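Trainee: Below are the sequence and a predicted model; questions follow.
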Amino acid sequence: MHEWDDDIEALDMSAAEKNGLQVSRNYIKAAQDGEISDEQMGAYSYANEFNNCFVSHDLEPVSRGP
């Protein structure tokens, strides 16, 4: 069973997209609460920026042929 916040669970998105949103929210909340260091948050921000390079484009499925 997935453990998403109610507002994330209600979104019309795939489980993978919801997981990404929940992870982002959890890291941001932990940073705001002082539970993770600035270095850890910096590493997370870099990874998130890197991942956004790939998910921000609308890609169409590629046909594998006949």
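Mentor: Right, received. Where do you want to start? Numbers count the residues shown, from 1 in each chain.
Trainee: Show me where this structure has its helices.
Mentor: Along the chain, the stretches classed as helices by DSSP state H are 6-9, 15-32, 38-55.
Trainee: which other helices and strands contact the shortest one?
Mentor: When you say that, I think you mean helix 6-9. helix 15-32 (3 or more CB pairs under 8 Å, 6 or more residues apart in numbering; DSSP states H and E). Where you see a C-beta, it was placed from the backbone N, CA and C, and this is true even at glycine.
Trainee: How about the helix it packs on, which residues are buried there?
Mentor: By neighbour count with 16 or more other CB atoms under 10 Å, helix 15-32 contains the buried residues Lys18, Gly20, Gln22, Tyr27, Ala31.
Trainee: swap in stretch 6-16?
Mentor: Quick answer for stretch 6-16 (16+ other CB under 10 Å): Ile8.
Trainee: Pull the residues that contact that stretch.
Mentor: With contacts defined as CB atoms under 8 Å, 6 or more residues apart in numbering, stretch 6-16 is touched by His2, Glu17, Lys18, Leu21, Gln22, Arg25.
Trainee: same thing but at 6 Å, please
Mentor: Lys18, Leu21, Gln22 (CB atoms under 6 Å, 6 or more residues apart in numbering).
Trainee: low-confidence ranges in the protein?
Mentor: 1, 41-42, 44-66 (pLDDT under 70).
Trainee: Dump the buried residues of helix 15-32 into JSON lines; add distance to Asp12 as well.
Mentor: Below are the buried residues of helix 15-32 laid out as JSON lines (distance: CB to CB, whole Å):
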{"residue": "Lys18", "distance to Asp12": "10"}
{"residue": "Gly20", "distance to Asp12": "15"}
{"residue": "Gln22", "distance to Asp12": "16"}
{"residue": "Tyr27", "distance to Asp12": "24"}
{"residue": "Ala31", "distance to Asp12": "28"}
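Trainee: Pick the one among those residues closest to Ser37.
Mentor: Distances from the buried residues of helix 15-32 to Ser37 were compared by CB to CB; the smallest belongs to Ala31, at 8.8 Å.
Trainee: Just give the number of residues close to Gly34.
Mentor: 7 (other CB atoms under 10 Å).
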